[in-house]
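> next input, structure requested:
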Amino acid sequence: MNYEQTKLVRAKGEVSRGLIAKVENNYLIPNYQQAKNIFDALEVLENEELSKKKAIMAGQIHNMPIEYANASEHVLDVWKRMEDKAYSQAPVKGDVGIVGSITERGITSRMLTMGLEELRSLRVRDIMGESFPTVGMNTPIEAIIPLLQANQAILTIKGDKIVGIITNTDLMKIFKLNK
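The predicted model follows:
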């Protein structure tokens, strides 16, 4: 049985593999109920395909371009840039690509444990956190939401290239897309 036949059988319990094979090979002309069951199964498959097309994917809500921090930058320079450009987290670039992340939350929590002079001398590499997780452009929103509950941002990738960033604020775009 081919893939399409398998999908049809799974879509509606009243359609059997044997029935589909006999109809396709012209061994059987289906009666009314058999034909109705086949059409019902086809309708179920069509609705599933339509709902997949309406699904919101990571690439529809991510932000581009990404604001990066460099591991060797001073923390206060990055913090100022965050304030000026209105973002609260950034992936950190090092000599070999993305090496971590920096967030306003991380900076302020560090501020509580040290003096201002000590904070001025800190480099991003001294306080950066783990890298943000990555997802493909076609990752459905249902998979993104749990990741955002555990992380301040998610990076979107196309192939092996980072192309965008998603934060909790970007989830509001779902309402615009679902009009």
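> ranges for the helices of the chain?
Applying DSSP state H to the chain gives helices spanning 3-11, 17-24, 32-54, 58-61, 75-85, 104-113, 116-121, 124-127, 141-150, 173-177.
> so which of the ones you listed gets nearest residue 163?
Comparison of these against residue 163 by C-beta to C-beta identifies helix 58-61 as nearest, at 8.0 Å. No exception for glycine: its C-beta is placed from N, CA and C like everyone else's.
> let me see the residues that make contact with that closest one.
With C-beta atoms under 8 Å, 6 or more residues apart in numbering as the contact definition, helix 58-61 has outside contacts at 135-141, 144, 154, 156, 158, 163-164, 166, 170-171, 173-174, 177.
> same question, stretch 79-90
Taking contacts as C-beta under 8 Å, 6+ apart, the residues outside stretch 79-90 that touch it are 66-69, 78, 101-105, 107, 132, 152-153, 167.
> can you tell me the average pLDDT over it?
Stretch 79-90 carries an average pLDDT of 92.
> of all the helices of the chain, which one comes closest to residue 93?
Comparison of the helices of the chain against residue 93 by C-beta to C-beta identifies helix 124-127 as nearest, at 9.5 Å.
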